[in-house]
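In: turn this into a model:
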Amino acid sequence: MKPTPSSARSLRALAIAGALLAVACGEDGVTPNCPELPLYDASDPETLEDPEIQAAIERAIREHCVTPRAEEVTGAAGSP
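Out: Predicted coordinates for the structure are as follows:
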């Protein structure tokens, strides 16, 4: 038995809605409330030394809104 066009549309809409709900959640099903970040050049060491930018990045990391830089996770660049 072939599905009718309206049932196929309903099934497609349900699948899309389910996918959107799954993507909208963060860790443990909780959507993070992300603080705004100032614009900065991640490749410029002087910019990253700015206390205001450091505080904003640390706050965003705690809220699971950004991923820590590799050096912060491993302790040194290039180390496993």
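In: rest of the way, CA atoms for contacts and neighbours
Out: Fine.
In: any idea how far Pro38 is from the residue nearest to Tyr40 when sequence neighbours are not counted?
Out: Once flanking residues are discounted, Tyr40 sits nearest to Thr47: 6.4 Å by C-alpha to C-alpha, 6 or more residues apart in numbering. Separation of Thr47 from Pro38 (C-alpha to C-alpha, to the nearest Å): 11 Å.
In: same question for Val66.
Out: Applying C-alpha to C-alpha to Val66 and Pro38 gives a distance of 13 Å.
In: show me the contacts for the residue nearest to Tyr40.
Out: 40-41, 53 (C-alpha atoms under 8 Å, 6 or more residues apart in numbering).
In: tell me which helix or strand Tyr61 sits in.
Out: No Tyr there; residue 61 is Ile. Taking DSSP states H and E as the criterion, the element that holds Ile61 is helix 51-62.
In: please disregard the earlier target; I meant Ser7.
Out: Counting by DSSP H and E, Ser7 is part of helix 5-24.
In: before we move on, back to that, quick one: which of Val66 and Pro38 has more around it?
Out: Neighbours of Val66 and Pro38, each counted by other C-alpha atoms under 10 Å, are more numerous for Val66; the result is 14 against 9.
In: neighbouring contacts of stretch 37-45?
Out: Stretch 37-45 is contacted from outside by 47-48, 53, 56-57, 60, using C-alpha under 8 Å, 6+ apart.
In: stretch 57-64 too?
Out: Residues contacting stretch 57-64 (C-alpha under 8 Å, 6+ apart): 32-35, 37, 66-68.
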